[in-house]
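Chemist: fold the following and give me the result.
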Amino acid sequence: MSDTFDWIQERIHNKSHFSARYVGQLADVSGMDPNTVSIILSGFFFLILTFTDQAHFFANCLLIGVPLLLIFVYPEEKPNDESFYVYFPIFGGVTIFDRGFENIPCYYVFKVTLFLLFFAPPYVLNQQIVGLFKQQLVETSQRSRSKSSPKSVPSSTKTALSIQKTMSPTPENSTKTGRTPSLRTAVLNSAMSDVKVTIIEEYYREEELLSPNGTVIDRTVTGPFRKESYRMESKSAVKSPI
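Modeler: Sure thing, here's the model as predicted:
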């Protein structure tokens, strides 16, 4: 609670905030202390939000007017854009149900207090919601990558099988001669036959998770992945060592 109290006092006395400047002007005109002016204003709004028929109008004007002032009139004082990406959708969703909830005593006071906690420490609900949203996106991205990433087959096995198949004697030679081909015949046949060449390429994959305004939320590099391709080449004849 001390953090929240310090945050409120900052908005009352620190003239770098537009609220403190307005309170200071009222204090100069009335001759009262800024804290007293703030208490009177808070009590005035509490009475309006609790006992008048215009509570719906005043509460929503306050909740949408202050963010618009920060965005268009005092942009140097506004929080980061991600705060408003969370604030406005939730505000719109809650406002839809105002007429159904306004029979609850002090409903609009609770509503204004709730959205005040979006920015007041130690709660800062907008940052907590953004953090949960980012975590969910990262977990979803990791699950999708784990499902879509291909299982690479060891290239050494395919290469060994390819070389063994190339070097092995052909069935035709064994059938015609009626005996196992000699080492000299096997070498000559291998030298004059086509060679299957396996080309193995390694590559990495980079993925960026972007926020609605185009900034990079998370960057992930996965790999290495292997890509195999094949081609046939003619092997020139070589002299037999035998």
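
Chemist: got the domain ranges for this structure?
Modeler: The chain breaks down by automatic domain parsing into domains covering 2-130, 150-234.

Chemist: just the strands in the protein please.
Modeler: According to DSSP state E, the chain carries its strands in the segments 194-210, 216-234.

Chemist: tell me the mean pLDDT over the shortest one?
Modeler: So that's strand 194-210. For strand 194-210, mean pLDDT rounds to 78.

Chemist: pull out the buried positions in the longest helix along the chain.
Modeler: What stands out as the longest helix in the chain, according to DSSP state H, is helix 125-148. By neighbour count on 16 or more other C-beta atoms under 10 Å, the buried set for helix 125-148 is Leu125, Asn126, Gln127, Ile129, Val130. (Each C-beta comes from the backbone N, C-alpha and C, glycine too.)

Chemist: on that earlier part again, among the strands of the chain, which is nearest Gln142?
Modeler: strand 216-234 (7.8 Å; C-beta to C-beta).

Chemist: return the distance of the closest one from the chain's centre.
Modeler: Strand 216-234 sits 24 Å away from the centroid of its parent chain (C-alpha atoms, centre = their mean, to the nearest Å).

Chemist: now swap in stretch 112-119 and tell me
Modeler: 25 Å.

Chemist: before we move on, back to that, now the strands of the chain in TSV, with distance to Ser38?
Modeler: As requested, the strands of the chain are exported to TSV (distance: least, C-beta to C-beta, whole Å):
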stretch	distance to Ser38
strand 194-210	41
strand 216-234	38
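
Chemist: redo those as a markdown table? Include distance to His56 and mean neighbour count.
Modeler: Compiled in a markdown table, the strands of the chain are given as follows (distance: least, C-beta to C-beta, whole Å; neighbours: other C-beta atoms under 10 Å):
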| stretch | distance to His56 | mean neighbour count |
| --- | --- | --- |
| strand 194-210 | 37 | 12 |
| strand 216-234 | 36 | 11 |
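
Chemist: closest to Leu47 out of these?
Modeler: Closest among these, using C-beta to C-beta: strand 216-234, at 43.5 Å.

Chemist: what angle sits between that closest one and strand 194-210?
Modeler: Between strand 216-234 and strand 194-210, the angle comes out at 170 degrees (axes from the mean of the first three to the mean of the last three C-alpha atoms, to 10 degrees).

Chemist: strand 216-234 pairs with which strands?
Modeler: Sheet pairing of strand 216-234 (DSSP bridges) gives strand 194-210 (antiparallel).

Chemist: got the CA positions of the strand it pairs with in PDB?
Modeler: What follows is strand 194-210, C-alpha atoms only, in PDB (Å, rounded to 0.1, in the frame of the first residue of the first chain):
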ATOM      1  CA  ASP A 194      27.600 -43.800 -62.300                       C
ATOM      2  CA  VAL A 195      28.100 -42.400 -58.800                       C
ATOM      3  CA  LYS A 196      25.300 -41.200 -56.600                       C
ATOM      4  CA  VAL A 197      26.400 -38.000 -54.800                       C
ATOM      5  CA  THR A 198      24.700 -37.000 -51.600                       C
ATOM      6  CA  ILE A 199      24.800 -33.200 -50.900                       C
ATOM      7  CA  ILE A 200      24.100 -32.300 -47.300                       C
ATOM      8  CA  GLU A 201      23.300 -28.600 -46.400                       C
ATOM      9  CA  GLU A 202      22.900 -27.200 -43.000                       C
ATOM     10  CA  TYR A 203      20.700 -24.200 -42.300                       C
ATOM     11  CA  TYR A 204      19.200 -22.300 -39.300                       C
ATOM     12  CA  ARG A 205      15.700 -20.900 -38.900                       C
ATOM     13  CA  GLU A 206      15.000 -17.500 -37.200                       C
ATOM     14  CA  GLU A 207      11.600 -16.600 -36.000                       C
ATOM     15  CA  GLU A 208      10.500 -13.200 -34.600                       C
ATOM     16  CA  LEU A 209       7.400 -12.700 -32.500                       C
ATOM     17  CA  LEU A 210       5.900  -9.200 -33.300                       C
END
